[in-house]
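J.: Have a look at this fold, sequence not included:
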C-alpha cells in the first residue's frame, strides 16, 4: 500500500489536522503495511538478524530504535550511525542518534545530525519529525546557553562581542494591541533576511528570546542601549539591531530600526512610514538600510533574494507571528493552528509551512512513548490546503475584514463570520481576511496525508 487515503474535515484548522494526525499515528503503529512500534523485546531477534546480515540497513536502524526504547543510548547511537551509512535517507537513524544526544545534553551535536539530514532529505517521509526535533534541540540549547551566559555574566561582559556577529532584539510594537505578536515575527524576519546575505553570523531568535526570558526582560518593553550592550556581550554579538513599529488604530504606521554598537552608541535609525498594509514592504527597506549601517551594500541579486523572502501577506504574517509566540511557550497545538492559518492565507509562505509541519508533529510526539519513534520516523505531514468543495454548493461569502486594509477604512469584527446561505457560524478571533470590496478566497476542506511505507 503506497499510503493512507486523504483525510478531510470541513472548516480546516490546525487543531483538526492534529486530531487527524493522532488517529493516523495510532493506526500506523499497528497497520500491517506500516512500521510497527518498536519494543526492547525485539533486541535478541534483531541481534541475530544483524549477525546474519551485517549490512541490513532496516535491521540496523530498528535495532538502534529498540535500544533507544530500552534506554541504552550509547549502543543505540552506534547502531543508528551504522544504519545511516546504509540508509541515509531514512529519518529513523537521525531521530535515534539525535534524541540520544539530546538526552545527554549534547544539543549542538544533535543539531549537526538533524541539520545534515534536512539539508539532504528534507522531502523524505519523516522529515517533518526531524524538523520538529531540530526546533526542540535549538530551544533547549538556547535555554542552556542563556543560563550559562548569566552564570558567567561578569566574565562575558568584560569582553567585546564579535563585530561580525549580529543579534536582532524583539521589535517593540506600539499602538493597536492586535499587532503585538509582530514583535517576534518582525525580529525573526529581519534576522532571516540578513542571514541571506551570508555576511554576518546571525544569532538565532530562540537564543535572543531565551536570554531575555532568563533576564526577565522579554515583557519589559524596549531595551535601553546599555542593556542591549549587556545582552549582546552575553550573546557574543558585537552589534544589536533594535526595532520599533508604531501601528495606531488610524493613520500611517511607522517602522524604524537602529544598530546598537558594542560601546552603546546607536546609529541613526532607518525609518519607513506608510499604511499598515505595507508593513512588510517597509521591513524589506529597513533591512537594506540596516545592512548598510552594518557596513554592507546589497548587490542587485541579494536585494531580489531579500524581496522575495517570506510573504507580503500581512494576514499570513500575523498568523505566523502568533505561531512563533505559541511555539516559544511550548504550546505546539496552538502553534500548528496559527501556522495553518498562515499557510492558508499564503500557500507559498515556506517558513509557515515548515512551522506547521514541525509544530504538528511536536504536539503529537509529546503524547507518544519512545517505542513510537519508528512510527513518527515515517510520517509525512501535508501542509494544509484550501480546496473548493463542490458538495457545499454556491459561493461562500465572508464578512471578515482584512487587517491588511488601511485601518481608517474598516472596523475589525470580534469573530470570524463564515456564511453559507442562511447559516452563519462563528469561530475564534480572526487572524486575517480580505480587503473590503474584494472577493474572499474559497473556503473548503483540507487534506492531511500521511504516507507510510
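T.: Yes, it's here. On a predicted model such as this, the values are computed, not experimentally measured, just so you know. Numbering: from 1, shown residues only.
J.: Helix or strand: which one has residue 239?
T.: Using DSSP states H and E, residue 239 sits within strand 237-247.
J.: Show me what that strand pairs with in its sheet, parallel or antiparallel.
T.: Strands that pair with strand 237-247, judged by DSSP bridges, come out as strand 162-168 (parallel), strand 172-175 (parallel), strand 253-260 (antiparallel).
J.: buried residues in the first one?
T.: The reference is to strand 162-168. 162, 165-168 (16 or more other C-beta atoms under 10 Å). No exception for glycine: its C-beta is placed from N, CA and C like everyone else's.
J.: Can I get the strands paired with strand 237-247 in a markdown table including distance to residue 127 and mean pLDDT?
T.: Output for those, formatted as a markdown table (distance: least, C-beta to C-beta, whole Å; pLDDT from 0 to 100):
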| stretch | distance to residue 127 | mean pLDDT |
| --- | --- | --- |
| strand 162-168 | 28 | 94 |
| strand 172-175 | 34 | 93 |
| strand 253-260 | 34 | 96 |
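J.: would a markdown table of those with distance to residue 88 be doable?
T.: Formatted as a markdown table, those follow (distance: least, C-beta to C-beta, whole Å):
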| stretch | distance to residue 88 |
| --- | --- |
| strand 162-168 | 32 |
| strand 172-175 | 44 |
| strand 253-260 | 42 |
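J.: thinking again about what came up before, distance from the strand holding residue 239 to the middle of the chain?
T.: The chain centroid and the centroid of strand 237-247 are separated by 21 Å under C-alpha atoms, centre = their mean, to the nearest Å.
J.: Let me see the domain layout of the chain.
T.: Residue ranges for the domains of the chain, per automatic domain parsing: 7-148+337-376, 159-309.
J.: For residue 328, find the nearest of those domains.
T.: When the domains of the chain are ranked by proximity to residue 328, the top entry is domain 159-309, at 6.0 Å, counting by C-beta to C-beta.
J.: how long is that closest one from one end to the other?
T.: Domain 159-309 has an end-to-end distance of 35 Å (C-alpha to C-alpha, to the nearest Å).
J.: the helices in the stretch 251-400 of the chain, which residues?
T.: Taking DSSP state H, counting those that start in this stretch as the criterion, the stretch 251-400 of the chain contains helices spanning 279-293, 300-308, 314-328, 332-345, 350-365, 373-376.
J.: Show me where the chain dips below the pLDDT cut-off.
T.: The chain contains residues with pLDDT under 70 at 1-34, 218-222, 383, 385-453.
J.: Point to the residue nearest the middle of it.
T.: Geometric centre of the chain, nearest residue: residue 355, 3.4 Å, by C-alpha atoms, centre = their mean.
J.: show me the contacts for residue 335.
T.: 14, 323-324, 326-327, 355, 359, 362-363 (C-beta atoms under 8 Å, 6 or more residues apart in numbering).
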